[in-house]
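S.K.: below is the sequence, then the predicted model.
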Amino acid sequence: MPTNAATGTPRPLAQGWVTLQRAVALGQVLVFTGIMLLVRGQLIPPLAVATALFAAAGLLSLRAPRTGAVTVGILAALWLASNVAFAAQVVPDLAAVSIIEIFVPTFAMNVLAIAGTLGLVGSLLRSTGMAARYIGWVVGAVLATGIATSLIAGLT
């Protein structure tokens with residue numbers, strides 16, 4: 001764990017990592033809720049549980065920033081691992097770029113899970129907040145590009 005050279009105490013967690021993890025938690029809650037309300041029109045128990053867990057972790061980050069950031073990261077890593085385990089169901093949704101209501105949520109939840117996993121690593125290593133900003137910018141650009149690609153493919 002990186003320490004302060006002068007005092008030998010652990011370096012505090014940069015606010016950038018907490019902000020990134022809060023954005024990941026909020027994004028996952030919005031994506032999961034959107035899938036249940038708009039796409040499927042019904043309560044999907046695994047997504048409802050994931051929504052509650054990400055919401056709780058995001059709220060925890062307000063009270064205990066480091067614990068909340070690490071918790072969001074662990075949830076994101078578990079979500080990403082579960083998507084790898086069910087790749088046969090996820091990959092066809094990612095291949096359907098022209099079907100906006102299938103592609104965009106699947107794409108967004110996976111990009112956010114990757115960002116959250118990177119945020120977990122950055123939080124545990126107590127890296128500088130600049131790395132978190134770069135990850136946030138890249139995630140925003142990747143999401144915007146994916147949504148734009150899907151919209152364009154849906155129009156053609």
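M.R.: Good, I have the coordinates. Numbering: from 1, shown residues only.
S.K.: hang on, residue 123 in a helix?
M.R.: Yes: judged by DSSP: H, G, I helix; E, B strand; the rest coil, residue 123 forms part of a helix.
S.K.: against residue 18, how distant is it?
M.R.: Per C-beta to C-beta, to the nearest Å, residue 123 is found 8 Å from residue 18. All C-beta spots, glycine's among them, are computed from the backbone N, C-alpha and C.
S.K.: any idea which helix or strand in the protein has the lowest mean pLDDT?
M.R.: Ranking every helix and strand in the chain by mean pLDDT, DSSP states H and E puts helix 87-95 at the bottom, with a mean of 75.
S.K.: separation between residue 129 and residue 14?
M.R.: Distance, residue 129 to residue 14, using C-beta to C-beta: 3 Å.
S.K.: and the least confident helix or strand of the chain, what does it pack against?
M.R.: Packing partners of helix 87-95 (3 or more C-beta pairs under 8 Å, 6 or more residues apart in numbering; DSSP states H and E): helix 100-125.
S.K.: now the helix it packs on: buried residues?
M.R.: Buried residues in helix 100-125, defined by neighbour count with 16 or more other C-beta atoms under 10 Å: 102-120, 122-123.
S.K.: higher neighbour count, residue 129 and residue 14?
M.R.: residue 14 (20 against 16; other C-beta atoms under 10 Å).
S.K.: and the residue nearest the centre of the chain?
M.R.: Residue closest to the average C-alpha location in the chain (C-alpha atoms, centre = their mean): residue 112, at 2.7 Å.
S.K.: so it sits against residue 21, correct?
M.R.: No: counting by C-beta atoms under 8 Å, residue 112 stays clear of residue 21, with 10.5 Å between them.
S.K.: quick one, the helix or strand hosting residue 153 and helix 100-125 angle?
M.R.: Taking DSSP states H and E as the definition, residue 153 sits inside helix 129-155. Interaxial angle of helix 129-155 relative to helix 100-125 (axes from the mean of the first three to the mean of the last three C-alpha atoms, to 10 degrees): 170 degrees.
S.K.: which strands and helices sit next to helix 129-155?
M.R.: helix 15-34, helix 100-125.
S.K.: can you list the weak-confidence ranges in this protein?
M.R.: Counting by pLDDT under 70, the chain contains low-confidence ranges at 1-9.
S.K.: 80 instead, please
M.R.: Applying pLDDT under 80 to the chain flags residues 1-12, 39-40, 85-98, 156.
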